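Participant: Just the structure for this:
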Amino acid sequence: MDWYVLLTYFDRKIGPRVYLSYPVQLIKEEISVIMADLLDQMNSEEFFSHSFNQLHTLNYYFEIPSYWARGNKEMLMISTIFDHRPSVETEKIIFSLCIEFTEWIKQKEGIYTAFYSDSEIPNYDKSGNDDSAFNRSHVKLWIEEFYWTVKEEIRDKLEEEHITLLLDKTDVLMTLNHLTQGSISLLDLKTWYTKEFPGKNFYKTMATLIKTQIVNIPIINGKKKSPFTVYISKEFKAITKLIITKNNLIKQFLKNKLKLQPFEEETQELHAFLQKVFSKTESSH
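Facilitator: Predicted coordinates:
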């Protein structure tokens, strides 16, 4: 996945232009023109998407107060540019981070000076004014932080979705349930797994569970010693029990109620029932 962040602003002399990018790279003229044109069309704070030439952008236009700009406001737009269409979850993540960024920059007194070179500072403000260079470096560092925060949030979301999909697999869930009984040698676990799930790839499953740290191999003095044993992490032990309990409750509920009530009423009752069960479970911890 290739992507980067742009900050575009309205230069009072030449109009809208790209201020900086991260990771730092040479921005194609075509992209600069399109981003400048997008900024030029904005007149109120807004989050929006725009696609062109197989690129997909998520943009947030905002304004900050300024003593030097026409109309006493600097017009800015932070954009995240992808080489593919981002997911809805990614859009939500970037939207929330854009709001956080704009709130931060609006609260920085005099931050507008970052968008002016020393030669552009009005004569009446030049004496003793060294804020411009400092604020430029400050905005640059924040854009870098914005990029890495987005990257981390996207990675965490992908890991969360990956783990959710893993736990939906019967062989994975039953293996974890088996491990809740205690640690077991890798050989014994393979024997059990092969018997329960013939045709499934045991080593591929274990490699995935170990990589995601759902299952661990004990380390003694910095080395893994034979016979290798595996155990489920404490957090996933509790999660596994909750999922098994939930699945059993649903099966029991549907078995008892499915033929007695209209589906809509049944669904509402099931929802209320599970809320009650899990609220009691949470309060007991």
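
Participant: Can you report how many residues lie near the closest residue to Thr180 other than its chain neighbours?
Facilitator: The shortest distance from Thr180 to any residue other than its chain neighbours is 5.2 Å, reached at Lys237 (CB to CB, 6 or more residues apart in numbering). Placement of C-beta: from N, CA and C, glycine included. Neighbourhood size, Lys237 [other CB atoms under 10 Å]: 16.

Participant: I'd like the distance between Lys237 and Glu100.
Facilitator: Distance, Lys237 to Glu100, by CB to CB, to the nearest Å: 35 Å.

Participant: How about Lys108?
Facilitator: 13 Å.

Participant: how would you label Lys190: helix, strand or coil?
Facilitator: Classification of Lys190 using DSSP: H, G, I helix; E, B strand; the rest coil returns helix.

Participant: do the same with Leu26
Facilitator: Leu26 ends up coil, using three-state DSSP.

Participant: phi, psi of it?
Facilitator: phi -80, psi 120 (degrees, to the nearest 10).

Participant: What of the one 5 residues further on?
Facilitator: Geometry field for Ile31 lists phi and psi as phi -70, psi -40, criterion degrees, to the nearest 10.

Participant: Can you check which helix is longest in this protein?
Facilitator: Ranked by number of residues, the top helix in the chain under DSSP state H is helix 131-167.

Participant: Buried residues in that helix, which are they?
Facilitator: By 16 or more other CB atoms under 10 Å, the buried positions in helix 131-167 come out as 131-132, 135-136, 139-140, 142-143, 146-147, 150, 153-154, 163, 166.

Participant: cool, and stretch 232-242?
Facilitator: Under 16+ other CB under 10 Å, the buried positions of stretch 232-242 are 232-233, 236-237, 239-240.

Participant: quick check: mean pLDDT across the strand or helix carrying His271?
Facilitator: Per DSSP states H and E, His271 falls inside helix 263-283. Mean per-residue pLDDT for helix 263-283: 63.

Participant: Which segments of the chain make up each domain?
Facilitator: 3-164, 170-283 (automatic domain parsing).

Participant: least reliable of those going by mean pLDDT?
Facilitator: Among the domains of the chain, domain 170-283 scores lowest, with a mean of 78.

Participant: now that domain, how far from the centre of its chain.
Facilitator: 25 Å (CA atoms, centre = their mean, to the nearest Å).

Participant: Please apply the same query to stretch 76-84.
Facilitator: With CA atoms, centre = their mean as the basis, stretch 76-84 stands 15 Å off its chain's centre.

Participant: What are the contacting residues of it?
Facilitator: 1-10, 19, 31, 35, 38-39, 42, 54-64, 86, 94, 98, 101-102, 105, 143, 146, 150 (CB atoms under 8 Å, 6 or more residues apart in numbering).

Participant: From these, keep the buried residues only.
Facilitator: Buried among those (16+ other CB under 10 Å): 3-10, 19, 31, 35, 38-39, 42, 55-64, 86, 94, 98, 101-102, 105, 143, 146, 150.

Participant: give me phi/psi at the residue nearest to Glu159 when sequence neighbours are not counted?
Facilitator: Setting aside the residues directly before and after it, Glu159 is nearest to Thr212 in space (CB to CB, 6+ apart), at 7.2 Å. The phi and psi values for Thr212, taken as degrees, to the nearest 10, are phi -90, psi 0.

Participant: Around Thr212, count how many other residues there are.
Facilitator: 14.

Participant: Surely it touches His162?
Facilitator: Yes: the pair Thr212 / His162 is scored as a contact, 7.1 Å apart, by CB atoms under 8 Å.

Participant: CA-only coordinates of stretch 135-143, as PDB, when you get a sec.
Facilitator: In PDB, the C-alpha atoms belonging to stretch 135-143 read as follows (Å, rounded to 0.1, in the frame of the first residue of the first chain):
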ATOM      1  CA  ASN A 135       6.600  27.500  13.300                       C
ATOM      2  CA  ARG A 136       7.600  26.100   9.900                       C
ATOM      3  CA  SER A 137       9.600  23.400  11.600                       C
ATOM      4  CA  HIS A 138       6.800  22.800  14.000                       C
ATOM      5  CA  VAL A 139       4.200  22.200  11.300                       C
ATOM      6  CA  LYS A 140       6.600  19.900   9.400                       C
ATOM      7  CA  LEU A 141       7.100  17.800  12.500                       C
ATOM      8  CA  TRP A 142       3.400  17.600  13.100                       C
ATOM      9  CA  ILE A 143       2.700  16.500   9.600                       C
END
